[in-house]
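Trainee: when you get a sec, could you give me coordinates for this:
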Amino acid sequence: MSGGNGRPDVRIRVVRRGADAPAAPLTVIRLLALLPPEWPCATRVSADRITLWVGVAEDTARAAVAQALGDRALRGWCLPDASRDASPDAAAD
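Mentor: Predicted structure coming up:
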C-alpha cells in the first residue's frame with residue numbers, strides 16, 4: 001500500500017483548532033505513539049497541520065486517529081471536516 005512517492009497511500013490530516021494546543025512537533029510524536037506500532041507511516045508537520053500517510057485502510061486509520069485525538073495530551077487538535085479537508089490549500093500535501 002504505497003504510492004509512487006514511497007509513502008503509504010492513505011492520507012489523514014490533523015489540524016490545530018485550539019490556541020493552547022501543544023506544538024505540532026510534540027503532537028506528532030504523541031499521536032504516532034498512540035497508533036499501532038506495526039503501521040507503516042510517514043508524516044509532514046507544519047505549525048497548524050499534521051499530515052499522516054498510513055499503510056492501512058482509510059476507515060481503520062481515521063478511526064484510530066480519531067480515538068488517539070481523544071487523549072488529553074492532544075487536546076486542541078482534531079480531524080478537519082470533509083469540506084475543509086477538500087480546500088485548495090489542503091491539496092498541497
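
Trainee: who are the packing partners of the host helix or strand of Ala42?
Mentor: Take DSSP states H and E as the rule and Ala42 turns out to sit in strand 41-46. Here strand 41-46 touches helix 24-34, strand 49-54, going by 3 or more Cβ pairs under 8 Å, 6 or more residues apart in numbering; DSSP states H and E. In this view, the C-beta of every residue, glycine as well, is placed from N, C-alpha and C.

Trainee: ok, which of these comes nearest Cys41?
Mentor: strand 49-54 (5.3 Å; Cβ to Cβ).

Trainee: now the helices and strands packed on strand 41-46 as CSV including distance to Thr43, mean neighbour count and mean pLDDT?
Mentor: Formatted as CSV, the helices and strands packed on strand 41-46 follow (distance: least, Cβ to Cβ, whole Å; neighbours: other Cβ atoms under 10 Å; pLDDT from 0 to 100):
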stretch, distance to Thr43, mean neighbour count, mean pLDDT
helix 24-34, 5, 16, 97
strand 49-54, 6, 22, 97
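
Trainee: name the residues that touch the strand holding Ala42?
Mentor: Residues from elsewhere that reach strand 41-46 (Cβ atoms under 8 Å, 6 or more residues apart in numbering): 6-8, 24-25, 28, 32, 35, 50-55, 93.

Trainee: what strands line up against it, and which way round?
Mentor: Strand 41-46 pairs in its sheet with strand 49-54 (antiparallel), by DSSP bridges.

Trainee: before we move on, the earlier item: list the buried residues of the strand holding Ala42.
Mentor: For strand 41-46, a neighbour-count test (16 or more other Cβ atoms under 10 Å) marks 41-43, 45 as buried.

Trainee: roughly how far is it from the heart of the chain?
Mentor: Distance, stretch centre to chain centre, for strand 41-46: 8 Å (Cα atoms, centre = their mean, to the nearest Å).

Trainee: I'd like the average pLDDT over it.
Mentor: Here strand 41-46 scores 96 as its mean pLDDT.
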